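Asks: show me how the following folds:
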Amino acid sequence: AVQELSQELNELRRIAQLEKQIAELEKALEDGDFRGAINERKKKAPKSRKIEKLEAKKRKLQYELRKKQRELEEENFAFDYTIPFFGKKLRIKASKGLLKDLYGYPRMMLAMADMSAVLRQSLWVTARHPLIMAKVFKDCFMTFFKEATSNEIDIYCQTTADSEVYLREDGSKISMRELGLFIAEIDGGVTAGEETFYSRMDERLEGLLTRAGEKIGLPKLGVIARPARVLRRASERHMVNYINMTRIGVMEAFLNEHPDASEEAVRAYAEIINIGTGRGNLDKFASNMDTLSILFFSPRFTMSRIQLAPRTIQTALKYPELRKELSYTWFSYLGTGSTVLVLASMMGADVGDDPEGADWGKIVVGDRRWDIWGGMQQPMRIVAMGVAKGFSEDHEDLDLWRGASHFVKWKLAPPFGITYEYIYGKDWVTQDDVSKLDTTFSAVTPIVVQSLNEGYKNGLNAWEQATITVPEFFGVGSSVYDKKSKSSKKSGRASI
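Replies: I've put the predicted structure just below:
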């Protein structure tokens with residue numbers, strides 16, 4: 001009975017929508033506007049040069065406002081220190097913001113210098129929409145290199161997200177953002193932006209070195225720290241632009257294919273898009289994002305990979321009109337991944353099939369490993385371990401707690417592992433011996449650079465090195481197991 005009422009309600013809503021569209025078409029015929037009404041949905045309002053300049057000015061002012069807000073927050077908890085420096089005095093301002101930036105610096109360094117959003121954060125939704133993926137990749141590629149291109153993409157995303165695209169029962173229209181689709185802001189911090197890039201330690205280092213250089217007659221000393229700032233901004237621009245365009249593209253495709261979907265179903269689907277692109281729903285814990293960022297590497301991304309499967313099942317059960325779309329998305333994701341594994345196996349590679357081993361679900365060629373699942377391999381492996389333990393006599397002794405604890409350790413913020421490794425000289429997860437030099441190197445270098453270093457230490461040739469570094473750059477978790485210890489320093493961090 002409930003399902004019948006839901007169908008009747010959808011039919012009435014569709015009737016109201018069609019009547020409104022018919023009225024608009026009749027008015028267009030009376031007014032002589034023979035093209036405008038038909039193409040109303042896809043037509044983009046032209047922008048004058050003045051509007052573009054004002055939008056660019058607005059973005060600049062927003063950035064300055066956030067900067068001032070951070071400075072104001074620091075004044076609430078700040079101490080000035082003066083230290084001797086080459087016979088002179090150098091003033092350092094220690095603050096809450098400085099401590100947060102310093103704590104988040106290893107996280108920022110690990111996550112930058114790549115375009116990992118392509119095959120990590122966005123993989124689950126774009127497997128269903130390869131044409132959208134291709135378009136977004138083409139449009140966003142240069143945002144890594146050009147800030148002007150990024151500004152254009154960002155203006156498009158913010159404007160489109162605020163455009164009224166959904167017709168409600170009362171005849172009013174609302175935007176994608178109002179429907180719950182999250183559109184991140186560049187420099188938006190842990191709340192309004194992408195969580196991995198909230199630290200501004202690179203800017204602080206550049207400023208500190210500049211002031212120190214002025215004391216000793218080297219005013220350009222700060223240039224030493226500039227590459228880190230440039231790479232961080234490039235990586236953040238690309239991630240924000242790419243994920244925003246992906247969310248908008250997938251949402252537009254859904255609205256075009258399902259114009260009669262109920263508002264509740266559309267809101268639920270918008271939440272699935274958010275979760276599928278790495279922004280998990282923290283619910284009541286969202287207000288404690290600063291605290292969660294201290295504990296975990298990427299709280300929202302980690303939660304998204306845990307939530308995705310159960311939330312899609314829950315949504316499909318609650319909204320029958322979404323079942324087909326969600327099923328297609330999962331089949332596309334799992335089918336694409338399985339096809340890649342089968343093709344790799346046919347070409348001579350090994351595919352990990354033992355859930356107790358870290359290589360489960362990965363492509364293995366010699367000492368090289370590839371995790372193609374966009375951050376889902378570890379949660380899926382734990383599920384596979386539970387299934388194997390419950391239904392296979394060969395896996396009765398399988399240690400679920402060990403697998404779960406490794407997952408948690410990999411997802412904790414880098415300072416936990418760094419501190420442990422400095423004190424005990426053991427890898428935070430694998431318990432292999434690790435030197436302080438290796439720990440320091442892994443704390444201040446991007447994952448892509450660590451891939452290069454691993455390949456060099458293991459004697460990979462140029463082609464083998466490329467097969468590790470290039471996939472890692474685009475978000476495929478790639479690693480090289482050390483021939484002596486048979487463990488990778490970054491094997492667990494590759495999917496963070």
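Asks: drop to CA atoms for contacts and neighbour counts, all remaining ones
Replies: Fine.
Asks: buried stuff in the helix or strand where residue 108 lies?
Replies: Per DSSP states H and E, residue 108 falls inside helix 96-111. Residues of helix 96-111 classed as buried by neighbour count (16 or more other CA atoms under 10 Å): 96-98, 100-111.
Asks: quick one: list the elements packing against that helix.
Replies: helix 49-75, helix 201-215, helix 414-424, helix 436-443 (3 or more CA pairs under 8 Å, 6 or more residues apart in numbering; DSSP states H and E).
Asks: please write out the alpha-carbon positions of stretch 114-127 in CSV.
Replies: Once non-C-alpha atoms are left out, stretch 114-127 reads as follows in CSV (Å, rounded to 0.1, in the frame of the first residue of the first chain):
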residue,chain,number,x,y,z
ASP,A,114,49.5,14.3,-7.5
MET,A,115,46.1,14.1,-9.2
SER,A,116,44.9,11.2,-7.0
ALA,A,117,41.2,12.3,-7.1
VAL,A,118,40.9,10.8,-10.6
LEU,A,119,41.2,7.1,-9.5
ARG,A,120,40.8,7.4,-5.7
GLN,A,121,38.1,9.7,-4.4
SER,A,122,36.0,9.8,-7.7
LEU,A,123,36.5,6.2,-8.9
TRP,A,124,33.3,4.7,-7.5
VAL,A,125,30.9,7.2,-9.2
THR,A,126,32.8,7.6,-12.5
ALA,A,127,33.0,3.9,-13.1
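Asks: so how far is the first residue of stretch 387-405 from its last?
Replies: Distance across stretch 387-405, first residue to last, is 18 Å (CA to CA, to the nearest Å).
Asks: and that stretch, average pLDDT?
Replies: Across stretch 387-405, pLDDT averages out at 75.
Asks: so what touches it?
Replies: Residues outside stretch 387-405 that contact it (CA atoms under 8 Å, 6 or more residues apart in numbering): 355, 356, 382, 385, 386.
Asks: helix/strand/coil for the second one?
Replies: Meaning residue 356. coil (DSSP: H, G, I helix; E, B strand; the rest coil).
Asks: got the phi/psi numbers for it?
Replies: phi -80, psi -20 (degrees, to the nearest 10).
Asks: go ahead and confirm it touches residue 385.
Replies: Yes. If you go by CA atoms under 8 Å, residue 356 and residue 385 touch, sitting 6.4 Å apart.
Asks: circling back to that earlier point, any idea which of the helices and strands packed on helix 96-111 has the lowest pLDDT on average?
Replies: Here the lowest mean pLDDT among those goes to helix 49-75, at a mean of 63.
Asks: mind picking out the helix or strand in the protein with the poorest mean pLDDT?
Replies: Least confident helix or strand of the chain, by mean pLDDT, DSSP states H and E, is strand 78-85 with a mean of 56.
Asks: got the contact list for the nearest residue to residue 111 once chain neighbours are set aside?
Replies: What sits nearest to residue 111 in space, not counting adjacent residues and going by CA to CA, 6 or more residues apart in numbering, is residue 446, at 6.1 Å. By CA under 8 Å, 6+ apart, the residues touching residue 446 are 109, 110, 111, 112, 113.
Asks: the third one and residue 181: what is the separation?
Replies: Residue 111 sits 24 Å away from residue 181, going by CA to CA.
Asks: ok, now the last one?
Replies: Relative to residue 181, residue 113 is positioned 27 Å away (criterion: CA to CA).
Asks: and for residue 429, nearest residue in space, chain neighbours not counted?
Replies: The shortest distance from residue 429 to any non-neighbouring residue, by CA to CA, 6+ apart, is to residue 406 (6.1 Å).
Asks: and that neighbour, how far from residue 316?
Replies: Applying CA to CA to residue 406 and residue 316 gives a distance of 31 Å.
Asks: and if you look at residue 475?
Replies: Applying CA to CA, the value for residue 475 to residue 316 is 29 Å.
Asks: before we move on, the earlier item: off-centre distance for the helix holding residue 108?
Replies: Relative to its chain's centre, helix 96-111 lies at 17 Å (CA atoms, centre = their mean, to the nearest Å).
Asks: quick one: that helix to helix 436-443, angle?
Replies: Counting by axes from the mean of the first three to the mean of the last three CA atoms, to 10 degrees, helix 96-111 lies at 90 degrees to helix 436-443.
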